[in-house]
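Colleague: just a sequence and a predicted model for now, questions to come.
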Amino acid sequence: MGPGGLPGLLAAEKLYEVPTAPLTISGDIHLRSAREIRGYQIRATDASAGKIEDFIIDDDTWEIRYLVIDTASWWQGKKVLVAPRWARSVSWEGGIVLLDLSQEVIKKSPEWNPTAPINREYEARLYDYYGHPVYWNENDRPPKPAPTPRD
């Protein structure tokens, strides 16, 4: 029986010895957990614009497609979506994401409804509003609905 009454404890200790050589960090030093980034402040070009509340992940590619921005700190609880690729910079130490958009542009953004699906029509409206090129092939864009006949 090993120390503390556990059989084989000495052998297990040898498996988990702390290495004496310095550790090297591999991978992306900017990689952060979603839990850490929730709550990061969103700064527009002219003022604060809210905070990151959540993320929308693409089911096929696992890419973070949108940041869910809670704007409740400066007007009535509207949530909007912003693509992370629209960020100008990120201060990891300060917990701030700087967008290349004004507060007014973000304020008037199409509101995101968490109970409604994010479909191509909504995304097209969002990208058109922000004036950014779409990430999908334009041929995949749904056709515009036919006008409703009027009497």
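Modeller: In hand now; what should we look at? Residues are numbered from 1 along each chain as shown.

Colleague: longest helix in this structure, please.
Modeller: Identified as the longest helix of the chain according to DSSP state H is helix 120-130.

Colleague: quick one: mean pLDDT for it?
Modeller: Averaged over helix 120-130, pLDDT sits at 93.

Colleague: surely Thr71 meets Gln103?
Modeller: No - between Thr71 and Gln103 there is no contact under C-beta atoms under 8 Å: 9.1 Å. No exception for glycine: its C-beta is placed from N, CA and C like everyone else's.

Colleague: paired strands for the longest strand along the chain, with orientation please.
Modeller: Ranked by residue count, the top strand of the chain under DSSP state E comes out as strand 48-57. Note on strand 48-57: by DSSP bridges, its sheet partners are strand 41-43 (antiparallel), strand 64-70 (antiparallel).

Colleague: residues making contact with the first one?
Modeller: Read that as strand 41-43. If you take C-beta atoms under 8 Å, 6 or more residues apart in numbering as the criterion, strand 41-43 is touched by 48-52, 67, 69, 82, 94-99, 106.

Colleague: could you do stretch 110-121 as well?
Modeller: Defining contact as C-beta under 8 Å, 6+ apart, one finds that stretch 110-121 is touched by 56, 65-66, 68, 78-81, 122, 125-126, 129, 136, 140-142.

Colleague: any stretches of the protein with poor pLDDT?
Modeller: Scanning the chain for pLDDT under 70 picks out 1-33, 73-77, 139-151.

Colleague: Ile57 and Arg65: what is the separation?
Modeller: Distance, Ile57 to Arg65, by C-beta to C-beta, to the nearest Å: 7 Å.

Colleague: again with Ile56
Modeller: Ile56 is 5 Å from Arg65, where distance means C-beta to C-beta.

Colleague: also Phe55?
Modeller: For Phe55 relative to Arg65 (C-beta to C-beta), the value is 8 Å.

Colleague: more neighbours, these two?
Modeller: Shown here are Phe55 and Arg65; by other C-beta atoms under 10 Å, Arg65 has more neighbours (18 against 15).

Colleague: so that one touches Asp58, yeah?
Modeller: Yes - look at Arg65 against Asp58 with C-beta under 8 Å: they come within range, at 4.7 Å.

Colleague: quick one on the thing from earlier: contact partners of the longest strand of the chain?
Modeller: 34, 37-43, 63-74, 79-81, 97, 99, 101, 103, 106-107, 118.
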